[in-house]
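Novice: Quick one, structure for this:
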Amino acid sequence: MNRVNLAEKLALFSSHWDPKVIADYNDNDIMVVKFQGEYPFHLHETTDDFFLVLEGEMIMDIEGRDPEVVQAGELYVVPKGVLHRPRAEQECKVLLIEPKGEPNSGNPATAAPKPRI
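Specialist: Numbering: from 1, shown residues only. I've put the predicted structure just below:
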């Protein structure tokens, strides 16, 4: 049982689209990440995708729908199997929760590594 300071963890790196594991919850990785620009469209076949915006503003593009703006303090869950793309015009900071081993891109060949910090 350890307390985790999100601001301290986010201050340890400056890269974008590079999730860092900060804690474990059951069989899930809890991660922080910084977004700026756009991530490629992708989907997760077997799991939902959880985003909690800590700072800034994220835009979520969902295939066939208008983009949705997600503000700091709001969360967004993309259901499994739904094609989506997160993006941010300015840097935003996000907390992610994913099952251990789930590639952030939905595809192991294109996924970023998820180191623990």
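Novice: what residue lies at the spatial centre of the protein?
Specialist: Leu96 (4.3 Å; C-alpha atoms, centre = their mean).
Novice: excluding its backbone neighbours, what's nearest that residue?
Specialist: Spatially, and ignoring its direct neighbours in sequence, Leu96 is nearest to Met31 (4.5 Å; C-beta to C-beta, 6 or more residues apart in numbering). C-beta coordinates here come from the backbone N, C-alpha and C atoms, glycine included.
Novice: By residue count, what's the longest strand in this protein?
Specialist: strand 84-99 (DSSP state E).
Novice: What mean pLDDT does that strand get?
Specialist: Averaging pLDDT along strand 84-99 yields 96.
Novice: Now it: buried residues?
Specialist: Applying a neighbour-count criterion of 16 or more other C-beta atoms under 10 Å, the buried positions in strand 84-99 are 84-86, 88, 92-98.
Novice: Quick one: list the elements packing against it.
Specialist: Applying 3 or more C-beta pairs under 8 Å, 6 or more residues apart in numbering; DSSP states H and E, one finds that strand 84-99 contacts strand 28-38, strand 49-55, strand 57-62.
Novice: elements contacting the first one?
Specialist: The reference is to strand 28-38. helix 6-10, strand 20-25, strand 84-99.
Novice: Kindly present the ones you listed as CSV, with separate columns for distance to Gly56.
Specialist: Listed next are the helices and strands packed on strand 28-38 as CSV, based on distance: least, C-beta to C-beta, whole Å:
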stretch, distance to Gly56
helix 6-10, 11
strand 20-25, 17
strand 84-99, 3
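Novice: Select, out of the ones you listed, the one closest to His42.
Specialist: strand 84-99 (7.1 Å; C-beta to C-beta).
Novice: now the closest one against strand 49-55, angle please.
Specialist: In terms of direction (axes from the mean of the first three to the mean of the last three C-alpha atoms, to 10 degrees), strand 84-99 departs from strand 49-55 by 100 degrees.
Novice: can you give me the offset of strand 84-99 from its chain's centre?
Specialist: Offset of strand 84-99 from its chain centre (C-alpha atoms, centre = their mean, to the nearest Å): 4 Å.
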